[in-house]
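Colleague: Sequence and predicted model, in that order:
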Amino acid sequence: MPLREIRDHAKVIGTKQVNKALAKGQVHKVYLARDAESHITDPIRNLCQQKGIAVEMVDTMESLGKACGIEVGAAAVALIHSQ
């Protein structure tokens with residue numbers, strides 16, 4: 001299961017935090033939920049393409065949130081480089 005990687009890795013959760021981490025160059029992989037609204041996920045996907053960062057799609061916001069250990073859904077999660 002690819003979401004297992006999320007549990008054991010340094011990460012940021014949510015579109016605002018993912019965008020901040022992308023701007024700082026801290027991200028090496030992004031997970032986006034397929035059921036999130038495209039006006040939220042498309043800008044992140046485009047930025048990842050420009051920066052050459054891998055994007056993995058997850059079926060639902062709920063499953064992405066659960067993989068992060070939170071009780072709510074998440075549209076975007078970024079795995080960040082350990083400091």
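Modeller: Noted; the coordinates are in hand.

Colleague: could you show me where the strands are in this protein, in order?
Modeller: Using DSSP state E, the strands assigned to the chain run over residues 11-13, 27-33, 54-58, 76-80.

Colleague: The last one packs against which elements?
Modeller: Here strand 76-80 is seen to pack against helix 4-7, strand 11-13, helix 15-23, strand 27-33, helix 38-51 when contacts are counted using 3 or more CB pairs under 8 Å, 6 or more residues apart in numbering; DSSP states H and E. (Each C-beta comes from the backbone N, C-alpha and C, glycine too.)

Colleague: ditto for the third one
Modeller: Secondary-structure packing of strand 54-58 (3+ CB pairs under 8 Å, 6+ apart): strand 27-33, helix 38-51.

Colleague: If we use 6 Å, what do you get?
Modeller: Packed against strand 54-58 by the contact rule (3 or more CB pairs under 6 Å, 6 or more residues apart in numbering; DSSP states H and E) you find strand 27-33.

Colleague: Flag the shaky bits of the chain, pLDDT-wise.
Modeller: Counting by pLDDT under 70, the chain shows low-confidence ranges at 1-2, 83.

Colleague: can you do 50?
Modeller: Counting by pLDDT under 50, the chain shows low-confidence ranges at 1.

Colleague: quick revisit: among the helices and strands packed on strand 76-80, which comes closest to Ala74?
Modeller: strand 11-13 (5.3 Å; CB to CB).

Colleague: partners of the closest one, with directions?
Modeller: Within its sheet, strand 11-13 is paired with strand 76-80 (antiparallel), according to DSSP bridges.

Colleague: and the angle from the partner strand to strand 54-58?
Modeller: Calculated by axes from the mean of the first three to the mean of the last three CA atoms, to 10 degrees, strand 76-80 forms an angle of 140 degrees with strand 54-58.

Colleague: picking up where we left off before, looking at the strands of the chain, which one is packed in the most?
Modeller: strand 76-80 (a mean of 25; mean count of other CB atoms under 10 Å).
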